[in-house]
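> Could you look at this predicted model? Sequence included:
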Amino acid sequence: MGLDTVELIMAFEEEFGIAIPDKDASELATPRQVTDYVMSKLAGERITREQVAAAVRRIIEEQTDIYDFTEDSHFVRDMHLD
């Protein structure tokens, strides 16, 4: 996992108040996977999938200055993050 993706993971952890172990982080390759992971960790919280997906998108845009991606874009292959 490169610096770009490590910084994204740290930003997701901070935003959602969760810890993402390295083993789990290495398997999060798309915004959809991150959203689904966060939703599984926040089960029972009053937050919708749409809210989580919007926050994930905002964080990716803020951290990378990449705006043209979908929920299924791969961080490394499609977005060219290291």
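That came through fine.

> can we go C-alpha only for contacts and neighbour counts from here?
OK.

> Name all residues that make contact with the spatially most central residue of the chain.
With distances taken as C-alpha atoms, centre = their mean, residue 34 lies nearest the centre of the chain, 4.1 Å away. By C-alpha atoms under 8 Å, 6 or more residues apart in numbering, residue 34 lies in contact with 28, 56.

> any idea which helix is longest in this protein?
In terms of residue count, the longest helix belonging to the chain (DSSP state H) is helix 49-64.

> So which bits of it are buried?
For helix 49-64, burial by neighbour count (16 or more other C-alpha atoms under 10 Å) applies to 52, 53, 55, 56, 57, 59, 60.

> Backbone dihedrals for the residue nearest to the fifth one when sequence neighbours are not counted, both of them.
Meaning residue 57. Nearest residue to residue 57, sequence neighbours excluded (C-alpha to C-alpha, 6 or more residues apart in numbering): residue 31, at 7.3 Å. Dihedral pair for residue 31: phi -60, psi -40, per degrees, to the nearest 10.
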